[in-house]
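S.K.: Give me coordinates for this.
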Amino acid sequence: MTQNPITNLKRETNNANTPRRDCGIIFEVQKHGEHEEMETIGLIGGMSFESSAVYYRIVNEMVRDRRGGLASAELILHSVNFEEIVALQKAGDWDMAARRLADVALRLQIAGAGCILICTNTMHLIADKVAEKISVPLIHIIDETAKSLHAAGRKRPLLLATRYTMEHGFYSDRMKSLGVDIMVPDAGDRTTVHDIIFNELCAGKVLDSSRDKLMAVIAHAIDNGADSIILGCTEICLILDPDHLPLPGFDTTAIHARAAVDFALGADETAEEEAA
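M.R.: The predicted structure follows:
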């Protein structure tokens with residue numbers, strides 16, 4: 001009789017010493033160090049794949065930095081077809097977009113993800129509808145960004161993002177409920193920022209001329225009282241370095257990824273890193 005090639009795998013029992021459960025199946029993990037176990041992170045990516053690659057890199061680098069050696073994240077990435085999502089955005093069919101991403105989130109949960117991230121600011125417009133369909137935490141990019149702003153004492157940030165994020169109320173309203181008053185560029189500057197994101201950054205193009213345009217938008221916001229800058233599209237970090245801006249910059253991609261790692265590794269390791 002041919003032996004099952006999947007070793008150390010058995011159906012769930014009542015063994016209290018079992019280290020990990022995934023969808024009714026128990027995986028016996030041999031521990032080789034003090035901090036071997038971690039939650040599996042579920043990423044909904046592809047919007048665009050340029051920023052999904054950044055998420056993947058940041059999450060794994062953070063895990064390696066905290067665990068040391070060759071440690072990397074327990075992670076599942078489901079990348080959707082961005083062209084389909086953009087078509088739904090343009091049509092204003094957010095209900096269908098919510099159903100699409102909720103289906104993906106549920107698949108990730110069934111596959112063993114202990115938390116879910118929607119790897120884009122714009123699609124957090126329907127994040128609450130996605131969260132309703134799953135039983136594991138959905139780590140919300142706006143909530144995590146607000147925490148970072150509060151920690152830095154910033155209350156009047158400029159938001160650089162897609163038109164959907166800047167003009168629909170979901171972002172500013174949620175931030176306001178969290179004690180942050182968002183500043184958005186004027187209509188002309190919003191068009192400039194949106195076009196740079198969709199026509200260039202999502203296609204992998206990073207142009208110095210476009211960086212100059214974004215810096216001009218930032219300069220105008222400074223004149224109007226902005227105290228910080230939210231890189232509120234997960235592609236913006238491809239063209240603007242938050243450490244080289246005239247105001248404190250908050251990279252939502254890095255903030256979101258860090259929150260996922262904090263969840264995956266647990267409060268104890270997060271506290272250890274912050275104390276170091």
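S.K.: Setting aside sequence neighbours, what's the nearest residue to residue 210?
M.R.: residue 196 (4.7 Å; C-beta to C-beta, 6 or more residues apart in numbering). Bear in mind the C-beta positions are built from the backbone N, C-alpha and C, glycine included.
S.K.: so the one you found makes contact with residue 209?
M.R.: No: counting by C-beta atoms under 8 Å, residue 196 sits too far from residue 209 to count as a contact (9.7 Å).
S.K.: neighbour-wise, which of the two wins?
M.R.: residue 196 (25 against 8; other C-beta atoms under 10 Å).
S.K.: And that one, how close does it get to residue 180?
M.R.: Distance, residue 196 to residue 180, by C-beta to C-beta, to the nearest Å: 24 Å.
S.K.: And the helices in the stretch 1-150 of the chain?
M.R.: 49-67, 82-91, 94-111, 127-131, 141-151 (DSSP state H, counting those that start in this stretch).
S.K.: correct me, but residue 159 touches residue 166?
M.R.: Yes: between residue 159 and residue 166 there is a contact under C-beta under 8 Å: 5.9 Å.
S.K.: Look at these two and report which has more neighbours.
M.R.: residue 159 (27 against 23).
S.K.: Quick check: phi and psi at that one.
M.R.: Dihedral angles of residue 159 (phi, psi; degrees, to the nearest 10) stand at phi -100, psi 120.
S.K.: Kindly state the pLDDT recorded for it?
M.R.: pLDDT, residue 159: 97.
S.K.: got a list of what it touches?
M.R.: By C-beta atoms under 8 Å, 6 or more residues apart in numbering, the residues touching residue 159 are 165, 166, 171, 172, 182, 183, 184, 230, 232.
S.K.: ok, 7 Å please
M.R.: Going by C-beta atoms under 7 Å, 6 or more residues apart in numbering, residue 159 touches 166, 171, 182, 183, 184, 230, 232.
S.K.: give me the number of residues near the last one?
M.R.: If I follow you right, that is residue 232. Around residue 232 there are 27 residues (other C-beta under 10 Å).
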